[in-house]
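1. Please work out how this folds:
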Amino acid sequence: MSQAATGVQLGEAEAVRASVSKYYGETLQATSDLKTSACCTAKAPPADVLAVLRQLPQEIIQKYYGCGSPFPAGLKGSGLRVLDLGCGTGRDCYVCAALVGEKGFVTGLDMTAAQLEVAQRHCDAWQQQLGYAAPNMRFLQGKIEELAAAGIAPGSIDLIISNCVINLSPDKAAVLKEAYQALADGG
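-> Numbers count the residues shown, from 1 in each chain. This is a model prediction of the structure:
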């Protein structure tokens with residue numbers, strides 16, 4: 001998407017991305033470092049989500065910086081192909097990987113290498129813990145405004161989730177355009 005079409009200045013967008021990447025990749029070291037809890041949910045997640053959260057690796061829980069609950073009803077055993085925009089350390093991907101089942105697949109995308117290192121560190125053990133023959137989760141580094149460039153094929157995703165990250169994008173129109181392109185028919 002061109003600069004003229006979005007109204008976002010290139011230098012401005014890169015400054016926003018650099019600031020976000022530094023905050024989430026370097027400044028924050030644990031959930032307790034977050035500056036606010038203003039957008040957190042007021043009640044516990046659904047029972048199926050809560051059961052999976054209790055099984056997650058401790059490092060994933062400790063380095064979770066999202067807010068709210070991006071999990072729609074009906075994920076359990078759905079076999080859906082899920083994309084998590086701005087996955088961070090992967091908490092929501094790990095939950096979705098368990099919920100969609102062995103025939104589903106989850107892709108987490110984040111621009112921050114430090115976050116992705118944590119996310120990838122526990123993938124094999126999680127797959128084994130779930131009893132899956134093969135991994136049903138992967139993590140990619142890239143920008144949420146450039147899904148195709150990050151390796152997300154057009155029409156390859158059934159469901160897109162995001163935990164407050166679109167809010168941080170300097171080019172929301174590009175995010176939505178790329179998300180639409182990534183969705184399969186009916187997604």
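2. just the strands in this protein please.
-> Using DSSP state E, the strands of the chain run over residues 81-85, 105-110, 137-141, 159-162.
3. The ones you listed: which one's closest to residue 71?
-> strand 159-162 (7.2 Å; CB to CB). (Each C-beta comes from the backbone N, C-alpha and C, glycine too.)
4. So for that closest one, mean pLDDT?
-> For strand 159-162, mean pLDDT is 96.
5. can you list the strands of the chain in JSON lines and add distance to residue 177 and mean neighbour count?
-> Output for the strands of the chain, formatted as JSON lines (distance: least, CB to CB, whole Å; neighbours: other CB atoms under 10 Å):
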{"stretch": "strand 81-85", "distance to residue 177": "13", "mean neighbour count": "26"}
{"stretch": "strand 105-110", "distance to residue 177": "15", "mean neighbour count": "26"}
{"stretch": "strand 137-141", "distance to residue 177": "18", "mean neighbour count": "19"}
{"stretch": "strand 159-162", "distance to residue 177": "13", "mean neighbour count": "22"}
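6. among the ones you listed, which is nearest residue 123?
-> Of all these, it is strand 137-141 that lies closest to residue 123, at 6.1 Å by CB to CB.
7. Compute the inter-axis angle for that closest one and strand 81-85.
-> Counting by axes from the mean of the first three to the mean of the last three CA atoms, to 10 degrees, strand 137-141 lies at 40 degrees to strand 81-85.
8. what's the angle between strand 137-141 and strand 105-110?
-> Interaxial angle, strand 137-141 versus strand 105-110 (the same axes, to 10 degrees): 20 degrees.
9. what ranges do the helices span in the chain?
-> When assigned using DSSP state H, the helices of the chain occupy the ranges 3-6, 10-22, 47-53, 58-62, 91-100, 113-121, 123-130, 147-150, 172-182.
10. any chance of the strands of the chain in a markdown table, with distance to residue 129 too?
-> Shown next, in a markdown table, are the strands of the chain (distance: least, CB to CB, whole Å):
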| stretch | distance to residue 129 |
| --- | --- |
| strand 81-85 | 19 |
| strand 105-110 | 15 |
| strand 137-141 | 12 |
| strand 159-162 | 22 |
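11. and residue 169, which of those strands is closest to it?
-> Closest approach to residue 169 among these (CB to CB): strand 81-85, 8.8 Å.
12. okay, and the helix or strand of the protein with the least pLDDT?
-> helix 3-6 (a mean of 48; mean pLDDT, DSSP states H and E).
13. which stretches of the protein aren't confidently modelled?
-> Residue ranges of the chain with pLDDT under 70: 1-13, 15-42, 66.
14. go with 80
-> 1-44, 65-69, 164 (pLDDT under 80).
15. what's the spacing between residue 133 and residue 143?
-> The spacing between residue 133 and residue 143, counted by CB to CB, to the nearest Å, is 32 Å.
16. Before I go, just wanted to say thanks for your time.
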